[in-house]
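> Quick one, fold the following:
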Amino acid sequence: MSAAVDVRDVTVHYGDVLALDGATLAVGHGRVCGLVGMNGSGKSTLLKTVTGLVRPDTGAVAVDGVPPDVARRQGVVGYVPQTEDIDWDFPLSVRDVVMTGRYGRMGPTRRPRAADREAVAHALARVELTDLAERQIGALSGGQRKRAFVARGLAQGATVLLLDEPFAGVDKRSEATITRLLRELAAGGATVLVATHDLHALPGLADEAVLLMRRVLRHGPVEDVLRPEHLALAFGLDPLRGEAS
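From the prediction side, this is the model:
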């Protein structure tokens, strides 16, 4: 069986800035994979390349065997961005945001049908946001916002879910809820890629990890990737202890 996410020798520049340099990895179905690296190591760029939002200069990406833009149109890929990518003042309710995950299944009028409303209600319940469904998205706490975007991916029916720093600035309840959902999704056959700085939580979340510094330095079991001598390759120190290597 082919990998759910297959990235081969991908290089990406933003102008003169090299963001990814021959990055290669494959992640199978039913796996949670953590992306680990410093700021500027290419984690967000890698996620955006898998979604098709960024086109590589060289190399190839496949999601369930098709190009990223095709996978996105088919609703295969769900993306939970960092908060700075969102206009939180836009007048959308939590329910409206989650409903955008259903747009690919609607006609050109984007008029929700019973199945769409049911999928949104179910997704809101799974992330424990039913009581806040009519609240404006920007009025939520950081953790609640992240849960709302996870709900969008759930409502969409995505089988590949990409999350960019989902635990940054969130409360413990949201962290636990998101972690539980991601593990449930993987148990059901979905593939999850999570860019995170929270190395302490990674063993309880991920099946495998990728150490990134514009290229893939290490990919394997979490306990192997988090060994101090491997982390030193990307960080120059042991982030778990905050000590220079």
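> so the residue lying closest to R215 once chain neighbours are set aside is in which element?
Spatial nearest neighbour of R215, chain neighbours left out: D21 (4.8 Å); criterion: C-beta to C-beta, 6 or more residues apart in numbering. (C-beta placed from N, C-alpha, C; glycine too.) Assessed by DSSP states H and E, D21 sits inside strand 17-27.
> and if you look at G78?
strand 77-80.
> what do you get for D116?
helix 114-126.
> sorry, back to before: the residue nearest to R215 and L217 touch, don't they?
No - with contact defined as C-beta atoms under 8 Å, D21 does not count as touching L217 (11.1 Å).
> What number of residues are in the vicinity of R110?
For R110, the count of nearby residues is 12 (other C-beta atoms under 10 Å).
> Dig out what G78 forms beta bridges with.
L161 (DSSP bridges).
> where do the helices sit along the chain?
Here the chain has its helices, by DSSP state H, at 43-51, 68-73, 94-99, 114-126, 142-156, 172-187, 202-205, 222-225, 228-235.
> How about residues contacting the fourth one?
Around helix 114-126, the neighbours that count as contacts under C-beta atoms under 8 Å, 6 or more residues apart in numbering are 94-95, 98-99, 101-102, 105-106, 112, 130, 133, 151-152, 154-155, 157, 181.
> Give me the PyMOL select line for those, limited to the buried ones.
The PyMOL selection below is limited to those of the contacts of helix 114-126 classed as buried (16 or more other C-beta atoms under 10 Å):
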select buried, resi 94+95+98+99+101+102+105+112+133+151+152+154+155+157+181
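> Give me the below-cutoff pLDDT ranges for the chain.
For the chain, the stretches with pLDDT under 70 are 1, 84-85, 237-245.
> roughly how far apart are R111 and H29?
Going from R111 to H29 by C-beta to C-beta, to the nearest Å gives 33 Å.
> Repeat that for S174.
Taken as C-beta to C-beta, the span from S174 to H29 is 26 Å.
> can you count the residues close to the closest residue to Y14 other than its chain neighbours?
Nearest residue to Y14 in three dimensions, chain neighbours excluded: T45, at 8.0 Å (C-beta to C-beta, 6+ apart). By the criterion of other C-beta under 10 Å, T45 has 24 neighbours.
> For the remainder of this discussion, apply numbering that starts at 41.
From this message on, residue numbering opens at 41, which makes the last subject T85.
> V94 is in contact with T85, correct?
Yes - using C-beta under 8 Å, T85 makes contact with V94 at a distance of 6.0 Å.
> Give the residues shared as contacts by those two.
V52.
> about what we covered before: residues contacting the strand holding G118, please?
Applying C-beta under 8 Å, 6+ apart, the set of residues contacting strand 117-120 is 87, 90-93, 103, 108, 111, 141, 186, 189-190, 192-194, 196, 198, 200-204, 206.
> The closest residue to E174 other than its chain neighbours pairs with what?
Leaving aside its sequence neighbours, E174 sits nearest to S133 (C-beta to C-beta, 6+ apart; 5.2 Å). Using DSSP bridges, the bridge partners assigned to S133 are Q176.
> Might you report the residue contacts of S133?
Applying C-beta under 8 Å, 6+ apart, we find S133 in contact with A173, E174, R175, Q176, I177.
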